[in-house]
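Participant: Model the following, please.
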Amino acid sequence: CGTPGCSRVEIMGYVPAGKNYRNSNTYSGDIAFSANGDLYIFGTSIDTLINYYTGSMIYRIPQQDLTIPYGKGRALDIEYIGRLKGMGIEAGMDSVIITGVAFEPGGDFILSAMDKYTESKICFYRGKIRAGITQVYPVSFNFRAPNGFVISDLASFYRPPVKQSARNTQSGE
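Facilitator: Have a look, this model is predicted:
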């Protein structure tokens, strides 16, 4: 709301289930803003019948959809970007789950992930978003985590371009 210490939260809308989005495709994951203000959702898909992770997906909510006038009941536009390729041992049945994501200045992203099968191995990957399938590559940061340690979030420098609503600026909030 534009003042230090303000704690008011406003609902911008909701992510609708449908042809472009299913909650089961983002069972575990993270969100991050790109340099141009698009909100990306990186998630790990789970098959609830066999209780196994079956791959990772990327979704995007365009920046312009986050800054137009909104209402509590408005569905946000969400775009399915594609699957991630390069994580896990066996394609389609990987046990690697996304735990964090952050964007770098050039548009690449860094993912943190955990091997759910061993529940201890933490991995980092770097990738760049491409249509269809986005390839990721392992990255070494010379980081050794204690057994059982999980990275649950990464942070980008970027944040959404938030506009104050007219009532906020008039009331001094």
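Participant: now the helices: where do they sit in this structure?
Facilitator: 63-67, 166-171 (DSSP state H).
Participant: weakest of the ones you listed in terms of mean pLDDT?
Facilitator: Lowest mean pLDDT within the helices of the chain: helix 166-171, at a mean of 43.
Participant: Show me the shaky parts of this structure.
Facilitator: With pLDDT under 70 as the threshold, the chain has low-confidence stretches at 1-2, 9-10, 19, 24, 68-73, 88-95, 117-120, 143-145, 147-148, 159-173.
Participant: Run through the strands of it in chain order.
Facilitator: Counting by DSSP state E, one finds strands in the chain at the ranges 28-33, 39-47, 52-61, 79-85, 96-103, 109-115, 122-127, 132-139.
Participant: Export those strands as a markdown table, with columns for mean neighbour count and distance to S7.
Facilitator: C-beta: built from backbone N, CA, C; applies to glycine. As requested, the strands of the chain are arranged in a markdown table below (neighbours: other Cβ atoms under 10 Å; distance: least, Cβ to Cβ, whole Å):
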| stretch | mean neighbour count | distance to S7 |
| --- | --- | --- |
| strand 28-33 | 20 | 20 |
| strand 39-47 | 21 | 21 |
| strand 52-61 | 22 | 24 |
| strand 79-85 | 17 | 31 |
| strand 96-103 | 22 | 25 |
| strand 109-115 | 23 | 29 |
| strand 122-127 | 18 | 33 |
| strand 132-139 | 14 | 36 |
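Participant: right, and the ones you listed - which one's nearest S152?
Facilitator: strand 96-103 (5.6 Å; Cβ to Cβ).
Participant: which other helices and strands contact that closest one?
Facilitator: Using 3 or more Cβ pairs under 8 Å, 6 or more residues apart in numbering; DSSP states H and E as the contact definition, the elements that strand 96-103 packs against are strand 28-33, strand 39-47, strand 52-61, strand 109-115.
Participant: Quick one: distance of stretch 40-50 to the chain centre.
Facilitator: For stretch 40-50, the distance from its own C-alpha centre to the chain's C-alpha centre is 12 Å (Cα atoms, centre = their mean, to the nearest Å).
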